[in-house]
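K.L.:
model the structure of this input:
(chains A and B)
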There are 2 protein chains.
Amino acid sequence: MQGTRPPQPAATYPPTDRTVPTRSPDRAAYDKELVHAILDEGYVCHLGFVRDGAPVVLPTLYARAGEVLYVHGSTGSRPLRAAGRAASGLPVCLTVTHVDALVLARSAFHHSINYRSVVVHGAAYDVTDPEEKRRALDALVDHVVPGRAADSRPADKKELAATAVIRLDLAEVSAKLRTGGVNDEPEDLDLPHWAGLVPLRKGYDTPLADPALAPGTAVPGYLAALGC
Amino acid sequence: MQGTRPPQPAATYPPTDRTVPTRSPDRAAYDKELVHAILDEGYVCHLGFVRDGAPVVLPTLYARAGEVLYVHGSTGSRPLRAAGRAASGLPVCLTVTHVDALVLARSAFHHSINYRSVVVHGAAYDVTDPEEKRRALDALVDHVVPGRAADSRPADKKELAATAVIRLDLAEVSAKLRTGGVNDEPEDLDLPHWAGLVPLRKGYDTPLADPALAPGTAVPGYLAALGC
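P.N.:
Reported below is the predicted structural model:
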């Protein structure tokens, strides 16, 4: 049965001059599903911006909502104040990196890291609409612990005013990955050095309840779902 | 018994305009031992630089040798090529972040992350001296897996030429940390929401030997020392 199909959203981000790496271009990817998966697995990004002509890179929290990233900070932080002032937004580069394994080759040269990273270029804007800000703050909490926003006291007006959120569209985006095993030179394979992958341990350890918590308060199911 | 003491190196990095944060200045620290410990615990940094007026942030490997950081890349990478060209070095910001725990407060506003980060500002220079480059590459391998450099085939001349290393002095440096427990408002303490810390799992899982490794090759002791 054939019919007219609704227009499909593009499945990839169009590469640009600055999203095509000069180094290992075969490791670059523009697939939206892959980019979303890498972004959704993390919650700490490294946000870069330019201050007095020099680069600044700060760690901060982020969350994805469709093709938008929300980045969290207090109203006192430098990038957020700058974004709030600039009508054209603040040029930023937001990078998220997951390290999956150490790659130990027989040769020092082929030592490497298995990783997945996403780099987003764009202009960041201060979120001023109270409703969008509230949704963004919920997204930031739920991005770290899915289900947590509904199980906490929402921000009141004063807290909302004391929190700054910036938004950054996912438009100029690339992922970069190294996966797989050791790539030694054929003539090195018989060298007497151990070679292989050392996977990083992921996840969370047992939650530690706040001492002021009422005795018997159960650890919520959404923490068990995280694998705690 | 008294005598003249040799001059002691300064125990802290002098704060500068850009290493004193506008946000949560009480979380900033300049103690060299603390900075070194945070740097030595990691091996992936986020390196920021300015390209065509816009910020770029890329993940890469680093190692510390005294008050110098070495940063690794191939000769094809953009920041390293730029550093190689500039006589005054390439202005960079190098940031290392460890996430230690999620902080789940009763109020959405007081949700946080326990983390330790170091931010280094400075000019990066291409390492051209072959001996310094060789020492830097050993340091980069040993920084990830202490003891590994001596148990791998050293880089030959061609591999050494294909690898770029930049150096960055530890001079304008700050650490920023959040430690401790939940900081809820007193009036929120009786709310029926679980509160506490969720520590991140750290370390490594069981090493996966390369399929081409000779059967019976033992996992080296320096991997056991990592807790694999």
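
K.L.:
which residue ranges of chain A form helices?
P.N.:
Taking DSSP state H as the criterion, chain A contains helices spanning A:32-41, A:78-85, A:130-144, A:157-161, A:221-225.

K.L.:
buried sites along the longest one?
P.N.:
For helix A:130-144, the buried set under the neighbour-count rule, 16 or more other Cβ atoms under 10 Å in any protein chain shown, comprises A:133-144. In this view, the C-beta of every residue, glycine as well, is placed from N, C-alpha and C.

K.L.:
what does stretch A:55-73 give?
P.N.:
Here stretch A:55-73 shows A:55-64, A:69-73 as buried, counting by 16+ other Cβ under 10 Å.

K.L.:
returning to that earlier point: would you single out the least confident of the helices of chain A?
P.N.:
In terms of mean pLDDT, the lowest-scoring of these is helix A:78-85 (a mean of 73).

K.L.:
tell me the gap between that helix and the middle of its chain.
P.N.:
On the basis of Cα atoms, centre = their mean, to the nearest Å, helix A:78-85 sits 20 Å off its chain's mean C-alpha point.

K.L.:
same question for stretch A:68-78.
P.N.:
Here stretch A:68-78 is found 14 Å from its chain centre; the criterion is Cα atoms, centre = their mean.

K.L.:
what's the answer for stretch A:64-80, then?
P.N.:
12 Å.

K.L.:
stretch A:46-53 now?
P.N.:
When C-alpha coordinates are averaged (Cα atoms, centre = their mean), stretch A:46-53 and its chain have centres 18 Å apart.

K.L.:
and the buried residues of stretch A:55-73, which of them are in strands?
P.N.:
Those of the buried residues of stretch A:55-73 mapping onto strands are A:55-64, A:69-73, per DSSP state E.

K.L.:
quick check: which of the residues you listed has the minimum pLDDT.
P.N.:
Lowest confidence among those: A:Gly73, with 74.

K.L.:
thought that one was touching A:Phe49?
P.N.:
No: with contact defined as Cβ atoms under 8 Å, A:Gly73 does not count as touching A:Phe49 (11.7 Å).

K.L.:
please enumerate the shared neighbours of those two.
P.N.:
A:Pro79 (Cβ atoms under 8 Å, 6 or more residues apart in numbering or on different chains).

K.L.:
could you measure from A:Ser88 over to A:Tyr125?
P.N.:
9 Å (Cβ to Cβ, to the nearest Å).

K.L.:
same question, A:Ala164
P.N.:
Distance of A:Ala164 to A:Tyr125, given as Cβ to Cβ: 11 Å.

K.L.:
tell me which of the two has more neighbours.
P.N.:
Applying other Cβ atoms under 10 Å in any protein chain shown to A:Ala164 and A:Tyr125 shows that A:Ala164 carries more neighbours, namely 22 against 18.

K.L.:
so for the more buried one, what's the pLDDT?
P.N.:
Taking A:Ala164 on its own, its pLDDT is 90.

K.L.:
restrict the buried residues of helix A:130-144 to those near chain B?
P.N.:
A:137-138, A:141, A:144 (Cβ under 8 Å from any Cβ of the partner chain).

K.L.:
can you pull out the low-pLDDT segments for chain A?
P.N.:
A:1-9, A:23, A:74-76 (pLDDT under 70).

K.L.:
try it again with 80
P.N.:
For chain A, residues meeting the criterion pLDDT under 80 lie at A:1-10, A:21-26, A:73-86, A:228.

K.L.:
can you map out the strands along it?
P.N.:
A:28-29, A:44-51, A:54-65, A:68-74, A:90-104, A:112-126, A:163-169, A:172-178, A:196-199, A:208-209.

K.L.:
for A:Val173, list the residues it contacts.
P.N.:
A:13, A:19, A:30, A:35, A:118-121.

K.L.:
of these, grab the buried ones for ChimeraX.
P.N.:
Applying 16+ other Cβ under 10 Å to these, the buried members can be selected in ChimeraX as follows:
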select /A:13,19,30,35,118,119,120,121
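
K.L.:
from the contacts of A:Val173, which is closest to B:Trp194?
P.N.:
B:Trp194 has its nearest neighbour among the contacts of A:Val173 in A:Val118, at 31.4 Å by Cβ to Cβ.

K.L.:
so the closest one makes contact with A:His98?
P.N.:
No: A:Val118 is beyond contact range of A:His98, at 9.3 Å (criterion: Cβ under 8 Å).

K.L.:
need the overlap of contacts for these two.
P.N.:
With Cβ under 8 Å, 6+ apart, A:Val118 and A:His98 have common neighbours A:Ile38.

K.L.:
excluding chain neighbours, what is closest to A:Val173?
P.N.:
A:Tyr13 (4.4 Å; Cβ to Cβ, 6 or more residues apart in numbering or on different chains).

K.L.:
one more: A:Thr12?
P.N.:
A:Tyr30 is the one closest to A:Thr12 (Cβ to Cβ, 6+ apart), at 4.3 Å.

K.L.:
residue contacts, that neighbour?
P.N.:
A:12-15, A:19, A:173-175.

K.L.:
closest to A:Gly180 out of the helices of chain A?
P.N.:
helix A:32-41 (15.7 Å).

K.L.:
list the buried ones in the closest one?
P.N.:
A:32, A:35-36, A:38-39.

K.L.:
which of these lies closest to B:Leu197?
P.N.:
Using Cβ to Cβ, the buried residues of helix A:32-41 come closest to B:Leu197 at A:Leu39, 24.7 Å.

K.L.:
my guess is the closest one contacts A:Arg64, does it?
P.N.:
Yes: under the criterion of Cβ under 8 Å, A:Leu39 makes contact with A:Arg64 at 4.9 Å.

K.L.:
before we move on, the earlier item: right, so of the helices of chain A, which gets closest to B:Glu185?
P.N.:
Here helix A:157-161 is closest among those (Cβ to Cβ), at 9.5 Å.

K.L.:
the closest one vs chain B: in contact?
P.N.:
Yes: Helix A:157-161 reaches chain B (Cβ under 8 Å from any Cβ) through A:Glu159.

K.L.:
against which helices or strands is that helix packed?
P.N.:
Using 3 or more Cβ pairs under 8 Å, 6 or more residues apart in numbering or on different chains; DSSP states H and E, the elements in contact with helix A:157-161 are helix A:130-144.

K.L.:
what's the angle between the helix it packs on and strand A:54-65?
P.N.:
90 degrees (axes from the mean of the first three to the mean of the last three Cα atoms, to 10 degrees).

K.L.:
the inter-axis angle of helix A:130-144 versus strand B:112-126?
P.N.:
80 degrees.

K.L.:
what angle do helix A:32-41 and helix A:130-144 make with each other?
P.N.:
Relative orientation of helix A:130-144 and helix A:32-41, computed by the same axes, to 10 degrees: 80 degrees.

K.L.:
distance from helix A:130-144 to the middle of the chain?
P.N.:
15 Å.
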